[in-house]
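J.: Structure of the sequence below:
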Amino acid sequence: MHSEIFNGRSFAMFPLTIFLISFIGSYGLIELSTLGANTLTQILGFLGLFMGLSVGAIGFWSRDAMKNILGSYNLLVYSSRTLPLSRRKLLLSFLLMNIIYYTVFFLAPLSIGAILVSGLSVFYGIGLLFGGFIAGVLAAIVLSNLSTKVPGYSISYSNRFGPLVGKNIVDIMRSTGGILKVFFSLTVLTGLYWFIVLYFPFASYFLQNPLISFGVLIGTVSLTVYNWINRFDDAKDYIYLPIDSKMVLRAKQKSFLLVSVPLTSTFLFGAFLFYSGSYIEIILSLTASLSTQIYTVGLGSYLTGLKPNYRLFNPKVFLKYLGANSIFILPLLMISLFIENGFYLEFLGLLGLTAFIGFVLAKTAKP
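T.: Okay, here's the model as predicted:
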């Protein structure tokens with residue numbers, strides 16, 4: 001099924017991609033950071049647990065994702081609902097299949113890449129990688145079964161920004177995992193940013209004004225929120241209603257801001273409490289975050305329309321996004337390093353221009 005969805009040759013090259021990422025990441029961690037092989041061991045254990053939780057979450061967001069890819073099909077793991085098969089036997093087969101599958105496509109390439117860099121000293125970490133994966137799958141299955149016993153709740157489509165915006169918010173809240181999965185995806189990206197900044201000397205310059213630099217970065221990575229908002233429906237779903245696809249796109253853009261701004265502000269206030277920054281810094285960081293979010297949703301919707309989860313996998317579109325993004329984000333990051341030297345007006349002016357360009361892109365975007 002996966003080879004049909006993702007193209008057979010590309011799918012076969014996936015383990016090689018994982019190996020290269022593992023090799024480069026392991027080399028960078030040991031040679032370019034202040035950390036060492038012990039940290040690599042811990043990271044491997046965490047990756048195993050994280051992948052296991054993701055794979056085993058058959059009652060979490062993965063069911064929504066597979067439905068969006070395949071439509072209303074019944075996967076083998078759900079066959080106990082319609083066929084005279086034992087659910088316990090199916091779950092055991094599901095567990096065994098995933099151990100074999102992810103060993104070949106993920107765990108083995110990760111292990112080989114780490115071993116080539118650090119040698120057998122990371123062998124204990126590889127054990128944690130496999131053990132954490134199995135433990136994560138089992139824990140996710142247990143948690144998924146428990147989640148089905150949580151009582152449901154109702155949410156109205158009524159919204160001061162319009163029923164389409166209300167529907168987008170309801171889609172996220174009622175999907176399995178709710179708003180927590182959006183929060184979690186932002187947590188992973190921001191966690192990766194702070195990990196690099198704190199432990200890799202070449203990125204430590206951002207600690208000169210950590211709140212302001214972080215405000216620029218978190219607005220950029222908020223693109224993941226736009227991906228989530230466009231995960232639950234398609235423009236064709238509205239074809240029988242007296243609205244056009246442009247109205248749907250505008251509603252997606254507004255929904256992005258309604259979801260993204262509160263979430264990113266939460267991360268910024270957390271960093272503010274941790275670093276005990278000044279009120280001017282938190283105001284500047286919030287302004288930077290809002291401006292870059294407007295640009296992010298404008299550029300993202302301009303290049304990908306209502307299909308960011310599909311079109312961003314096109315190398316040409318992705319390179320265009322990276323290039324257009326760097327035009328404003330890189331200068332903002334550079335100015336944020338020296339803002340205390342009197343570059344406040346330049347920084348605010350560039351933020352205003354960034355937001356304006358984002359607004360224009362959002363208005364001219366097509367589905």
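
J.: Can you list the low-confidence ranges for the protein?
T.: Across the chain, the ranges flagged by pLDDT under 70 are 1-11, 36, 57-81, 144-159, 176-177, 202, 315.

J.: For it, identify the residue most remote from the centre.
T.: Distance from the centre of the chain peaks at residue 84, with 38.4 Å (Cα atoms, centre = their mean).

J.: where does that residue land in three-state SS?
T.: Following DSSP: H, G, I helix; E, B strand; the rest coil, the label given to residue 84 is coil.

J.: Next, the buried residues of stretch 230-250.
T.: Going by neighbour count (16 or more other Cβ atoms under 10 Å), the buried part of stretch 230-250 is 230, 231, 232, 233, 235, 238, 245, 248, 249, 250. (Glycine included, C-beta is placed from N, CA and C.)

J.: Mind picking the two most distant members of the residues you listed?
T.: Spatial extent of the buried residues of stretch 230-250 (Cβ to Cβ) is set by the pair 231 and 250 at 18.1 Å.

J.: what's the burial count for residue 300?
T.: Applying other Cβ atoms under 10 Å, we find 28 other residues in the vicinity of residue 300.

J.: try residue 86
T.: Applying other Cβ under 10 Å, we find 10 residues neighbouring residue 86.

J.: Residue 314 now?
T.: 13.

J.: Ok, residue 17 next?
T.: Residue 17 is flanked by 12 other residues according to other Cβ under 10 Å.

J.: how close does it sit to residue 268?
T.: Look at residue 17 and residue 268: by Cβ to Cβ, to the nearest Å, they are 33 Å apart.

J.: Give me the phi and psi angles of the residue farthest from the centre of the chain.
T.: The phi and psi values for residue 84, taken as degrees, to the nearest 10, are phi -80, psi 60.

J.: ok, residue 30 - contacts?
T.: Residues near residue 30 by Cβ atoms under 8 Å, 6 or more residues apart in numbering: 36, 37, 40, 117, 118.

J.: Grab the two from those that are most spread out in space.
T.: Among these, 36 and 117 lie farthest apart (Cβ to Cβ), at 11.5 Å.

J.: Show me which of these two is the more surrounded one.
T.: Neighbour comparison, residue 36 and residue 117: the larger count goes to residue 117, with 20 against 13 (by other Cβ under 10 Å).

J.: Report all helices and strands that the longest helix anywhere in the chain contacts.
T.: Across the chain, the helix with the greatest residue count (assigned by DSSP state H) is helix 245-275. The contact analysis (3 or more Cβ pairs under 8 Å, 6 or more residues apart in numbering; DSSP states H and E) places helix 245-275 against helix 163-174, helix 178-199, helix 210-221, helix 223-229, helix 279-304.

J.: okay, the angle between the second one and helix 163-174?
T.: Same thing as helix 178-199. Put simply, helix 178-199 runs at 80 degrees to helix 163-174, going by axes from the mean of the first three to the mean of the last three Cα atoms, to 10 degrees.

J.: buried residues in helix 178-199?
T.: Within helix 178-199, the residues scored as buried using 16+ other Cβ under 10 Å are 181, 182, 185, 186, 189, 190, 193, 194, 195, 197.

J.: domains for this protein, by residue range?
T.: According to automatic domain parsing, the chain comprises the domains 1-150, 153-367.

J.: Quickly compare those and say which is most buried.
T.: Across those, the average number of neighbours (mean count of other Cβ atoms under 10 Å) peaks for domain 153-367, which reaches a mean of 17.

J.: how far does that domain sit from the chain's center?
T.: 11 Å (Cα atoms, centre = their mean, to the nearest Å).

J.: helix or strand for residue 34, which one?
T.: Secondary structure assignment for residue 34, by DSSP states H and E: no helix or strand.

J.: Please tell me how far residue 234 sits from residue 306.
T.: Using Cβ to Cβ, we find residue 234 at a distance of 7 Å from residue 306.

J.: Residue 300: what's it in contact with?
T.: By Cβ under 8 Å, 6+ apart, residue 300 lies in contact with 223, 226, 308, 321.

J.: rerun at 7 Å
T.: Applying Cβ atoms under 7 Å, 6 or more residues apart in numbering, we find residue 300 in contact with 223, 226, 308.

J.: Not counting its neighbours along the chain, what's nearest the spatially most central residue of the chain?
T.: Geometric centre of the chain, nearest residue: residue 185, 4.0 Å, by Cα atoms, centre = their mean. Of all residues not flanking residue 185 in the chain, residue 224 sits nearest, at 4.8 Å (Cβ to Cβ, 6 or more residues apart in numbering).

J.: just checking, next helix/strand downstream of the helix or strand harbouring residue 24?
T.: Secondary structure assigned from DSSP H and E places residue 24 in helix 14-31. Once helix 14-31 ends, the next helix or strand along the chain (criterion: DSSP H and E) is helix 37-56.
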